[in-house]
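A.B. asks: coords please:
(one chain, ligands or ions: 1)
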Amino acid sequence: MLKITQMDFFEKPESRVETGDWTFNGASTRELTHCYHDYPARMIPQVAGKILDLFGGDAKFLFDPYLGTGTSLVEGMVRGINVAGTDLNPLARLIAGAKTSTPDLRLIDKHIGKFGKFVFDYTPSPLAVPPTIQGVTRLEFWFKKSVVEKLYRLREFLQSIEDDSARLFFQVAFSETVRESSNTRNDEFKLYRYSAEKLAAFNPDVFRIMSQKLQRNRTGLGKYLAIIKNSKHAPVSNIYSFNTVTGIPQDCIPPAGVDIVVTSPPYGDSHTTVAYGQYSRLSAAWLELKEPDKIDRKLMGGFASKKFSCFTSKALNFAIEQIGAVDKKRALEVSAFYVDLYASIANVALTIKPKGYACYVVGNRKVKGVVLPTDVAVKDFFEGCGFEHVNTFTRVIPNKRMPLKNSPTNAPGVIDSTMTNEYIVIMRNA
Ligand SMILES: C[S@@+](CC[C@H](N)C(=O)[O-])C[C@H]1O[C@@H](n2cnc3c(N)ncnc32)[C@H](O)[C@@H]1O
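C.D. replies: Predicted coordinates for the structure are as follows:
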């Protein structure tokens with residue numbers, strides 16, 4: 001009897017026609033406003049840019065249903081395309097908003113000058129009442145006392161900036177300053193405190209970190225604005241907070257109104273893959289962004305299913321069955337993620353114009369030793385919505401740090417070898 005293996009459900013490699021290099025080994029991923037802020041599982045701008053150059057030639061409206069920090073939006077805007085995106089994480093929206101906004105550079109420079117004076121004039125003055133930061137229960141556990149004082153004064157400085165776009169520019173630099181001056185390990189996306197030994201020698205210079213971020217971001221912004229200003233058409237950006245799993249408001253994204261979707265959904269639920277909420281928690285709390293605590297449960301796959309679903313993807317069903325044979329609970333968690341991904345795709349599909357494109361950059365993580373064929377599932381889900389498969393490109397992730405940072409396990413420092421590839425799935429509406 002013939003034994004069925006997981007490979008029987010994958011496309012044969014020869015059907016995957018390559019279009020040159022998708023690896024972009026050595027390319028700088030921090031040009032323009034892409035330099036602004038780190039974020040877990042960021043898409044590299046070159047991938048979004050190449051997708052747009054290949055499939056977005058005539059596009060006038062781009063939508064990203066998992067915006068993150070807005071990589072695809074920035075790439076759309078520098079090509080003169082109007083863009084919109086949504087994300088449930090308020091910190092992601094804040095960063096994406098800053099990266100796509102077009103503030104007056106003279107105003108930014110004026111405030112950078114004021115910041116210099118603020119630092120020059122600063123004299124340490126213990127806070128009269130120990131500050132409480134809503135959302136951070138043990139402030140002194142996550143920050144040294146001297147750091148709290150400086151962050152607090154810095155936040156007062158930010159609050160004194162009246163112009164919204166200038167304040168936003170400063171908030172993004174402040175967010176990174178919070179992260180880098182906190183007692184958390186910077187190489188992890190979850191909140192892990194430094195060891196006692198490391199902590200004893202840890203003495204971050206808060207104002208210096210902030211100053212470096214501001215200078216770096218100012219350079220990126222200058223280059224970004226120069227491109228936008230030379231654009232024949234001034235592109236518009238809109239950032240939303242709706243959940244594409246439950247529905248897409250028509251007044252935000254009109255049905256059949258999108259020319260191209262360029263996006264990278266999460267690899268899996270936040271609990272077992274990237275904890276976006278945890279990554280953002282300290283910054284979001286200092287910035288007083290709403291709901292930082294509950295995010296991870298609201299993101300895709302936040303709630304485990306009670307029963308198994310049968311998907312319109314044989315490869316996916318087979319993989320979930322294999323996991324279920326060894327661990328039913330994990331299989332139900334995995335299934336919940338794909339239930340949400342399917343619902344989201346069904347909603348996204350309705351926003352795309354006839355002949356418009358859906359371009360999803362995905363990773364195939366491994367659970368209990370079983371590879372989850374997310375690339376095939378995305379293709380199958382869109383095909384179920386009347387789309388045709390144009391191609392799936394394979395990108396070898398060149399940077400050794402990427403798989404580590406995108407660790408599908410959430411265990412500190414653990415690398416999974418399956419995450420050294422990502423897949424760019426291109427679908428076209430009928
Ligand atoms: C892989 S990241 C996107 C990264 C982005 N392409 C970038 O370059 O920064 C996935 C994003 O999906 C968001 N997300 C997860 N579930 C969501 C949902 N149901 N609705 C909207 N956004 C969601 C997460 O908050 C996260 O920011």
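
A.B. asks: show me what contacts Gln215?
C.D. replies: Gln215 sits next to Ile112 when contact means C-beta atoms under 8 Å, 6 or more residues apart in numbering. Every residue, glycine included, has its C-beta placed from N, CA and C.

A.B. asks: ok but it is inside a helix, no?
C.D. replies: Yes - applying DSSP: H, G, I helix; E, B strand; the rest coil, one finds Gln215 inside a helix.

A.B. asks: Check what pLDDT it gets.
C.D. replies: At Gln215, the pLDDT value in this model is 98.

A.B. asks: Would you quantify the distance from it to Arg281?
C.D. replies: Distance of Gln215 to Arg281, computed by C-beta to C-beta, to the nearest Å: 27 Å.

A.B. asks: so where's this structure shaky on pLDDT?
C.D. replies: Residues of the chain meeting the criterion pLDDT under 70: 1-18, 291-293, 399-419.

A.B. asks: Strands along that one, start to end?
C.D. replies: 61-64, 82-86, 237-240, 258-263, 352-362, 366-367, 370-371, 387-396, 421-429 (DSSP state E).

A.B. asks: any residue of the first one up close to the ligand?
C.D. replies: No - judged by C-beta under 6 Å from any ligand atom, strand 61-64 makes no contact with the ligand; its nearest approach is 6.9 Å.

A.B. asks: List of residues touching that strand?
C.D. replies: 52, 56, 70, 72-73, 76, 81-86, 253, 257-263, 348, 351.

A.B. asks: so what strands line up beside that strand?
C.D. replies: Take DSSP bridges as the rule and strand 61-64 pairs in its sheet with strand 82-86 (parallel), strand 258-263 (parallel).

A.B. asks: buried ones in it?
C.D. replies: For strand 61-64, the neighbour count (16 or more other C-beta atoms under 10 Å) marks 61-64 as buried.

A.B. asks: Just the CA atoms of it, as CSV, please.
C.D. replies: The C-alpha coordinates for strand 61-64 follow below in CSV (Å, rounded to 0.1, in the frame of the first residue of the first chain):
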residue,chain,number,x,y,z
PHE,A,61,-4.6,51.6,-3.8
LEU,A,62,-2.7,49.1,-1.6
PHE,A,63,-4.1,47.5,1.5
ASP,A,64,-2.1,45.7,4.3
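
A.B. asks: just how off-centre is that strand within its chain?
C.D. replies: 15 Å (C-alpha atoms, centre = their mean, to the nearest Å).

A.B. asks: So what sits opposite Val258 in the bridge?
C.D. replies: With DSSP bridges as the criterion, Val258 is bridged to Ile352.

A.B. asks: Can you list the buried residues in stretch 195-210?
C.D. replies: Buried positions in stretch 195-210, judged by neighbour count with 16+ other C-beta under 10 Å: 204, 206-207, 209-210.

A.B. asks: Check stretch 212-222 too.
C.D. replies: In stretch 212-222, counting by 16+ other C-beta under 10 Å, buried: 213-214, 217-218, 220-221.

A.B. asks: And for stretch 235-252?
C.D. replies: Across stretch 235-252, burial judged by 16+ other C-beta under 10 Å covers 235, 237, 239-240, 242-245, 248, 252.

A.B. asks: Output these in a markdown table, with distance to the ligand appended to each entry.
C.D. replies: Formatted as a markdown table, those follow (distance: C-beta to the nearest ligand atom, whole Å):
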| residue | distance to the ligand |
| --- | --- |
| Pro235 | 18 |
| Ser237 | 14 |
| Ile239 | 12 |
| Tyr240 | 9 |
| Phe242 | 7 |
| Asn243 | 5 |
| Thr244 | 5 |
| Val245 | 5 |
| Ile248 | 10 |
| Cys252 | 12 |
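
A.B. asks: Can you name the two of those residues that sit furthest apart?
C.D. replies: Pro235 and Val245 (27.6 Å; C-beta to C-beta).

A.B. asks: circling back: just the closest of the buried residues of strand 61-64 to the ligand, please.
C.D. replies: The shortest approach to the ligand among these belongs to Asp64, at 6.9 Å (C-beta to the nearest ligand atom).

A.B. asks: quick one: contacts for the closest residue to that closest one other than its chain neighbours?
C.D. replies: Leaving aside its chain neighbours, Asp64 sits nearest to Gly85 (3.7 Å; criterion: C-beta to C-beta, 6 or more residues apart in numbering). Residues in contact with Gly85 (C-beta under 8 Å, 6+ apart) are 63-67, 70, 72-73, 96, 238-240.

A.B. asks: wait, isn't Asp327 in contact with Lys368?
C.D. replies: Yes - using C-beta atoms under 8 Å, Asp327 is in contact with Lys368, at 5.6 Å.

A.B. asks: how near is the most centrally placed residue in the chain to Ser264?
C.D. replies: Nearest residue to the geometric centre of the chain (C-alpha atoms, centre = their mean): Gly68, 2.9 Å. Plainly put, Gly68 is 7 Å away from Ser264 if you go by C-beta to C-beta.

A.B. asks: which residues sit against stretch 344-359?
C.D. replies: Against stretch 344-359 from outside (C-beta under 8 Å, 6+ apart): 51, 55-56, 63, 65, 244-245, 247-248, 253-263, 265, 300, 378, 381-382, 385-387, 390, 424-430.

A.B. asks: how long is stretch 265-282 from one end to the other?
C.D. replies: In stretch 265-282, first residue to last residue: 23 Å (C-alpha to C-alpha, to the nearest Å).

A.B. asks: What sits closest to the residue of the stretch 1-150 of the chain found nearest the ligand if chain neighbours are left out?
C.D. replies: Per C-beta to the nearest ligand atom, Gly68 is where the stretch 1-150 of the chain lies closest to the ligand, at 2.4 Å. Nearest non-adjacent residue to Gly68, counting by C-beta to C-beta, 6+ apart: Ala92, 5.2 Å away.

A.B. asks: what about that neighbour, neighbour count?
C.D. replies: Neighbours of Ala92 under the rule other C-beta atoms under 10 Å: 27.

A.B. asks: wait, what's in contact with it?
C.D. replies: Per C-beta under 8 Å, 6+ apart, neighbours of Ala92: 39, 67-70, 276, 280.

A.B. asks: Out of those, name the ones that lie in helices.
C.D. replies: Residues of those located in helices (DSSP state H): 276, 280.
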